[in-house]
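Colleague: everything below, folded, please.
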Amino acid sequence: MKFLIVLSAILAVSSAQLNLSDEQKATAHANGAFCAQQEGITKDQAVALRGGNFDVSDPKVKCFANCFLEKSGFLVDGQIQPEVVLAKLGPIAGEDAVKAVQAKCDSTKGSDKCDTAFQLYQCYYKNRANV
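Modeller: Residues are numbered from 1 along each chain as shown. Sure thing, here's the model as predicted:
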């Protein structure tokens, strides 16, 4: 239970930076909690990922990223959905900013769908100042 509270706090900080609505925050929390439980990641792994520590190579963390991005609609079967990303993030961060990050990140491919999701998350995270 503690883990879910910490994860919710992490997701709340993430969503607060994007100025999400209460409904969007609730959806992000639910998706994060579901994926954390499904993939079995630890609190420390969630905190590290949220903090931008991408040194982990644990498949569970990579599959957490895939689960979360799929639940959010940004990925389908390991394929980025650029129109969904733009539709969801454009109104929050500005379409031009989102398109600039998409141009840098959306061609990213990993060894499998979990690795692809992890690398996409990493790219978007590193370019988050633009979004």
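Colleague: now stretch 76-84, how far from the centre of its chain.
Modeller: The gap between where stretch 76-84 is centred and where its chain is centred comes out at 13 Å by Cα atoms, centre = their mean, to the nearest Å.
Colleague: one more: stretch 87-104?
Modeller: The gap between where stretch 87-104 is centred and where its chain is centred comes out at 15 Å by Cα atoms, centre = their mean.
Colleague: what's the answer for stretch 52-61, then?
Modeller: From the chain centre to the centre of stretch 52-61 is a distance of 13 Å (Cα atoms, centre = their mean).
Colleague: stretch 43-53 too?
Modeller: Between the centre of stretch 43-53 and the centre of its chain there are 12 Å (Cα atoms, centre = their mean).
Colleague: just the buried residues of it, please?
Modeller: Neighbour counts over stretch 43-53 (16 or more other Cβ atoms under 10 Å) mark 45, 46, 48, 49, 50 as buried. The C-beta positions use only the backbone N, C-alpha and C, and glycine is treated the same way.
Colleague: pLDDT score for the last one?
Modeller: What the model reports for residue 50 is a pLDDT of 81.
Colleague: name the helix or strand for residue 53, please.
Modeller: Taking DSSP states H and E as the definition, residue 53 sits outside all helices and strands.
Colleague: all helices for the protein, in order.
Modeller: Ranges of helices within the chain are 2-17, 22-39, 43-50, 59-71, 82-93, 95-105, 113-126, based on DSSP state H.
Colleague: any stretches of the chain with poor pLDDT?
Modeller: Counting by pLDDT under 70, the chain contains low-confidence residues at 1-18, 20, 129-131.
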